[in-house]
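Participant: no sequence on this one, just coordinates:
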């Protein structure tokens with residue numbers, strides 16, 4: 001594997017040290033706030049970019065093809081899957097979702113960090129395939145009633161779909177033990193601070209800093 005290009009360690013004034021990228025995965029039941037947190041984290045951290053999934057569901061109001069998702073039909077989804085071009089996939093609320101493989105592999109090699117807003121099925125597949133490159137964070141709501149209120153307040157889904165999402169929430173939450181970190185999203189600012197701290201710490205892990213050995217040798221050579 002080729003060495004990643006130089007990137008700055010996540011601390012002020014740090015020298016540029018080559019680093020392999022990471023995949024930051026956020027999962028939660030619908031309505032717990034992972035999409036809002038994802039957007040705020042992306043706005044606050046210029047070194048992070050969003051993974052654009054493919055999906056067979058229709059666009060919601062305000063969503064843009066190629067920015068929020070790549071919207072495709074079932075036939076195209078199955079073609080990509082059969083060709084081995086999908087890194088993970090899942091069937092969620094009657095629709096198919098997946099992550100294209102090529103852009104993720106390129107980002108990791110380039111030392112870039114990628115944010116994922118996916119469910120536990122996709123998170124499990126990513127971890128199975130990419131192991132140490134993956135950082136898993138589960139977002140919990142502060143309570144069941146709060147979750148119900150958030151889903152109804154979105155006004156994006158029919159009452160039937162809201163009921164289905166609530167029924168699926170318990171199953172989703174049962175997978176929290178599979179994650180590296182768990183945040184209770186009672187306050188967006190506090191949750192964002194927690195996510196930023198997780199990202200900073202994970203960027204500084206020794207095994208991700210592929211240029212660290214050469215940097216240390218340079219220090220020792222100067223002594």
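Facilitator: That came in fine, so what should we check first? In this text the structure is predicted, and so the values were computed from the model without any measurement. Residues are numbered from 1 along each chain as shown.

Participant: all the helices of the protein, residue numbers only.
Facilitator: Listed from the start of the chain, the chain has helices (DSSP state H) covering 34-44, 74-82, 101-109, 120-130, 144-154, 159-173, 188-203, 212-222.

Participant: give me the residues contacting the last one.
Facilitator: Contacting residues not belonging to helix 212-222 are listed as 15, 17-18, 206 [Cβ atoms under 8 Å, 6 or more residues apart in numbering]. In short, each C-beta sits where N, CA and C put it, glycine included.

Participant: repeat that for 7 Å
Facilitator: Applying Cβ atoms under 7 Å, 6 or more residues apart in numbering, the set of residues contacting helix 212-222 from outside is 17, 206.

Participant: circling back to that earlier point, just name the most buried of the helices of the chain.
Facilitator: Using mean count of other Cβ atoms under 10 Å, the stretch among the helices of the chain with the greatest mean number of neighbours is helix 120-130 (a mean of 19).

Participant: how far off centre is that one?
Facilitator: Offset of helix 120-130 from its chain centre (Cα atoms, centre = their mean, to the nearest Å): 11 Å.

Participant: give me the helices and strands touching that helix, please.
Facilitator: Packing partners of helix 120-130 (3 or more Cβ pairs under 7 Å, 6 or more residues apart in numbering; DSSP states H and E): strand 23-27, strand 86-92, strand 134-140.

Participant: now what about that helix, what contacts it?
Facilitator: Contacts of helix 120-130 from elsewhere in the structure, counted by Cβ under 7 Å, 6+ apart, are 23, 25, 27, 87-88, 90, 97, 99, 134, 136, 172, 175, 178.

Participant: quick check: which ranges of this structure have low pLDDT?
Facilitator: Low-confidence regions of the chain, defined here as pLDDT under 70, cover residues 1-14, 150, 152-157.

Participant: adding mean neighbour count and distance to residue 163, write the helices and strands packed on helix 120-130 out as JSON lines.
Facilitator: As requested, the helices and strands packed on helix 120-130 are arranged in JSON lines below (neighbours: other Cβ atoms under 10 Å; distance: least, Cβ to Cβ, whole Å):
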{"stretch": "strand 23-27", "mean neighbour count": "25", "distance to residue 163": "21"}
{"stretch": "strand 86-92", "mean neighbour count": "19", "distance to residue 163": "16"}
{"stretch": "strand 134-140", "mean neighbour count": "22", "distance to residue 163": "21"}
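
Participant: what's the closest of these to residue 56?
Facilitator: In this view, the helices and strands packed on helix 120-130 are compared for proximity to residue 56 by Cβ to Cβ, and strand 86-92 is the closest at 9.5 Å.
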